[in-house]
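Colleague: Okay, sequence plus prediction incoming.
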Protein chains: 2
Amino acid sequence: MSRPKEKTRDPEKRRHPGVRTKIYVRDDMIGSGKVDLLRLIDQTGSISGAAAAMGCGYRRAWFLLDTLQRCFRQPLTVTQRGGPGGTHLTELGKEFLARHDAHEAEISTVSAPYLAWLESQQS
Amino acid sequence: MSRPKEKTRDPEKRRHPGVRTKIYVRDDMIGSGKVDLLRLIDQTGSISGAAAAMGCGYRRAWFLLDTLQRCFRQPLTVTQRGGPGGTHLTELGKEFLARHDAHEAEISTVSAPYLAWLESQQS
């Protein structure tokens, strides 16, 4: 599973200039960590599964999700108790992921000429 | 003189969701701090003047400028010794500021619909 943060911290992947964006909503920041967590919950069907895939503890994952949720009036996830259990994304959670990814793609497109110029100026 | 960092840290200015961008070039990050410093050198004509306007020490300003310069093969500034002295931006320094500002404006435009959606979802 891809982890943007890891990628950009890897010197081998940093030969080309890049752009990183953070969204702030009041006092909270929405960065790739929280978005990746939500995506992993969608993929694994649980917070513990997402935590394991991210290589962090359950409490850390729960805290990140709670912080992200504070930016929204309606729930991003639903946790089912009893039976097979698990945590799933609501329609809003899925819409947020889709909109966030679309925004990242737009940023990437609009940044390409500037990043290419920066690369041409590198020592 | 405007200081984006201050602005976004001010809760009164944070009623609307926003976006913050960082550019990375190899191991260095180009954020608003370094760009503002270069702009203030352009406006004040010296590193010490820029440091005073930013509310940081000369050594801190010099370090930030040095880090920014490492992303470029050619000099962003020229320091004149003797006479009135001072530090001025080269044509490259001015071009970098212009390109960076244009990129920020494009990011702002492309982000507006996503930020408006986020605002509509706030609790």
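Modeller: Good, I have the coordinates. Residues are numbered from 1 along each chain as shown, chains lettered A, B, ... in the order given.

Colleague: those helices in chain A, which residues are they?
Modeller: Ranges of helices in chain A, per DSSP state H, are A:4-9, A:32-44, A:47-54, A:58-69, A:91-120.

Colleague: Now the third one: buried residues?
Modeller: Using 16 or more other Cβ atoms under 10 Å in any protein chain shown as the test for burial, helix A:47-54 gives A:47-51, A:53-54. Quick note: C-beta positions are derived from backbone N, CA and C, even for glycine.

Colleague: Now do the same contact list for the most centrally placed residue in chain A.
Modeller: Nearest to the mean C-alpha position of chain A, by Cα atoms, centre = their mean, lies A:Val35 at 2.0 Å. Counting by Cβ atoms under 8 Å, 6 or more residues apart in numbering or on different chains, A:Val35 touches A:97, A:100.

Colleague: Within range of chain B, give me the residues from chain A.
Modeller: A:8, A:11, A:14-15, A:17-27, A:70-74, A:92, A:96, A:99-100, A:102-103, A:106-107, A:110-111, A:114-115, A:117-118, A:121-123 (Cβ under 8 Å from any Cβ of the partner chain).

Colleague: Can you say which of the helices of chain A is nearest to B:Thr87?
Modeller: helix A:91-120 (22.0 Å; Cβ to Cβ).

Colleague: before we move on, back to that, just the pLDDT at the residue nearest to the centre of chain A, thanks.
Modeller: Per-residue confidence (pLDDT) for A:Val35: 97.

Colleague: before we move on, what about the one 4 residues further on?
Modeller: The confidence metric pLDDT takes the value 98 at A:Arg39.

Colleague: how many neighbours does it have?
Modeller: 20 (other Cβ atoms under 10 Å in any protein chain shown).

Colleague: Quick one: residues contacting it.
Modeller: Contacts of A:Arg39 by Cβ under 8 Å, 6+ apart are A:Leu97.

Colleague: Cheers, nothing more for now.
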